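Engineer: no FASTA, just this:
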Ligand code: SF4
Ligand code: SF4
């Protein structure tokens, strides 16, 4: 029997707040569920409802359950955890909801309560603590991980591990990830650590700061490099504040709001002199824009977080809004675009990346049905919920047109997940970041000029 059936079998519901099971700091905001009228218009948008067909795995069911816990009708226990942690936090339901109910925000706040009531124990607890507290908040340790991965790839160890089948002792989703791991290069944070400002290539029109990100800089530093090239080409002086840290999205998604707040405070301080903060990872950008939510109950920090969030901009929107230079170099390719959830649903950025791609000479865009459907990456969801993530990915891959050569997007987590999809389903597409295409087109243009 599902949680919702169990609840429906009870007699008259009690609505007294004194019975609330949210007894820890930072409880869910009742204002967020107040507008839910149980209409069900969000159901079709939800990947986990599509797969399970169960109300408790739908946005409407989750909102009802979270509210029921607040009203003392459902207990905050292991059974309640399942639908709350099975949510992808993809925000598709908020886009579909006529009342704009912030289901993702509620899920994050509720996970905060669950993790305080039922802390992770055993191996899961130790691994979670190691990564969330021991590695991600520490850029130097992340760099060490990057160096180890680089050694693994370049020393021949990767070849030995693959040839001898040693990877087979690992869980399947880790094997899949290892298979698509990009070539690890020097991070841009390290590369530019002694440069106060990376100057615009020609006339300076504005100053911006870059959030380098954790996964982005360690695994995809070439995308950060491309971002800097494109920004400086378009009149932006770029700074990389060295005191910046992880955005905290993984922590907040996992229910560790306290670490999320500490990281937010550090970033607010690190970027205090910046006029604009450019982000090329949708998940990080969405988190930075939502810092005010973390400080709902702290008026001083809330004001600072609002000021900070107003400066955050996705790279594609920044270029589009500031009248970027359209490239003249030709990239002859058929391409489709995948909307990262935290870009399309989280930040409302849909048109800008498509426009950037369409303006590249030689690029032919092919429509992807349900382009804004989650790919199953969802932070570390593909590690914590591999079966559901796999089912979501299978559904996504069915929508990727067969006859395209590239799939473009704006989030590193999606890039890894889509690359797994390409490999798993025998496809051949190259997975790229939108800004990489633009950078390649500019480079082609420069080469053509040199040849003339
Ligand atoms: S979350 Fe929105 S769409 Fe879904 S049931 Fe509630 S009001 Fe309707
Ligand atoms: S955030 Fe995504 S997975 Fe979670 S309830 Fe909404 S649509 Fe479903």
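Structural biologist: Received it, and whenever you're ready, just let me know what you need. These figures come from a predicted structure and were not determined experimentally. Numbers count the residues shown, from 1 in each chain. Ligands and ions are numbered 1, 2, ... in the order given.
Engineer: so how many other residues sit close to the closest residue to residue 231 other than its chain neighbours?
Structural biologist: Spatial nearest neighbour of residue 231, chain neighbours left out: residue 238 (5.2 Å); criterion: Cβ to Cβ, 6 or more residues apart in numbering. Where C-beta positions appear, they are placed from N, C-alpha and C, glycine not excepted. Residue 238 has 21 neighbours, counted by other Cβ atoms under 10 Å.
Engineer: now what about the host helix or strand of residue 238, what contacts it?
Structural biologist: Assigned by DSSP states H and E, residue 238 falls within strand 236-239. By Cβ atoms under 8 Å, 6 or more residues apart in numbering, the surrounding residues in contact with strand 236-239 are 196-200, 204-210, 228, 231-232, 274, 278.
Engineer: what's the next secondary structure element after that strand?
Structural biologist: Strand 236-239 is succeeded, C-terminally, by helix 249-254 (DSSP H and E).
Engineer: now that following helix, how far from the centre of its chain.
Structural biologist: 10 Å (Cα atoms, centre = their mean, to the nearest Å).
Engineer: what sits against the residue nearest the centre of the chain?
Structural biologist: For the chain, the residue nearest the mean C-alpha position is residue 283 (2.5 Å; Cα atoms, centre = their mean). Applying Cβ under 8 Å, 6+ apart to residue 283 gives the contacts 247, 249, 340, 342, 379, 411, 413.
Engineer: same thing with residue 350?
Structural biologist: By Cβ under 8 Å, 6+ apart, the contact list for residue 350 reads 339, 343-344, 372.
Engineer: who wins for neighbours among those residues?
Structural biologist: residue 343 (29 neighbours).
Engineer: what parts of the protein come near ligand 2?
Structural biologist: Applying Cβ under 6 Å from any ligand atom, one finds that the chain approaches ligand 2 through 45-48, 59, 62, 87-93, 103-104.
Engineer: the same query, at a cut-off of 5 Å, please.
Structural biologist: Selection of the chain residues close to ligand 2 by Cβ under 5 Å from any ligand atom yields 46, 48, 59, 87-88, 90, 92-93, 103-104.
Engineer: closest one to residue 148 out of the residues you listed, please.
Structural biologist: Nearest to residue 148 out of the residues of the chain next to ligand 2 is residue 88 (Cβ to Cβ; 29.7 Å).
Engineer: pretty sure the closest one contacts residue 341?
Structural biologist: Yes - applying Cβ atoms under 8 Å, one finds residue 88 in contact with residue 341, separated by 7.4 Å.
Engineer: which of the two has more neighbours?
Structural biologist: residue 341 (29 against 25).
Engineer: contacting residues around that one?
Structural biologist: Counting by Cβ under 8 Å, 6+ apart, the residues that residue 341 touches are 88, 90-92, 282, 372, 374, 378.
Engineer: let's go with 10 Å and repeat that
Structural biologist: In this structure, residue 341 makes contact with 47, 88-92, 95, 104, 282-283, 286, 347, 372-375, 377-378, 411, 413-414, judged by Cβ atoms under 10 Å, 6 or more residues apart in numbering.
Engineer: tell me the buried residues within those.
Structural biologist: Buried residues within those, counting neighbours by 16 or more other Cβ atoms under 10 Å: 47, 88-92, 95, 104, 282-283, 286, 347, 372-375, 377-378, 411, 413-414.
Engineer: inside helices: which ones of those residues?
Structural biologist: Counted as lying in helices by DSSP state H, out of the buried ones among the contacts of residue 341, are 47, 92, 95, 104, 282-283, 286, 347, 413-414.
Engineer: what's the burial count for residue 217?
Structural biologist: 27.
Engineer: that's a helix at it, yeah?
Structural biologist: Yes - applying DSSP: H, G, I helix; E, B strand; the rest coil, one finds residue 217 inside a helix.
Engineer: residues contacting the closest residue in space to it that isn't next to it in sequence?
Structural biologist: In this structure, residue 217 finds its nearest non-sequential neighbour in residue 187, 4.3 Å apart by Cβ to Cβ, 6+ apart. By Cβ under 10 Å, 6+ apart, residue 187 lies in contact with 139, 142-143, 146-147, 193, 212-214, 216-221, 224-225.
Engineer: the helix or strand where residue 408 lies pairs with which strands, parallel or anti?
Structural biologist: Here residue 408 sits within strand 406-409, counting by DSSP H and E. Applying DSSP bridges to the sheet, strand 406-409 is found paired with strand 333-337 (parallel), strand 430-433 (parallel).
Engineer: how about the residue in the stretch 351-452 of the chain that ligand 1 sits nearest to, nearest residue that isn't a chain neighbour?
Structural biologist: Nearest residue of the stretch 351-452 of the chain to ligand 1 (Cβ to the nearest ligand atom) works out as residue 372 at 16.2 Å. Setting aside the residues directly before and after it, residue 372 is nearest to residue 339 in space (Cβ to Cβ, 6+ apart), at 3.9 Å.
Engineer: from residue 381, how far out is that neighbour?
Structural biologist: 17 Å (Cβ to Cβ, to the nearest Å).
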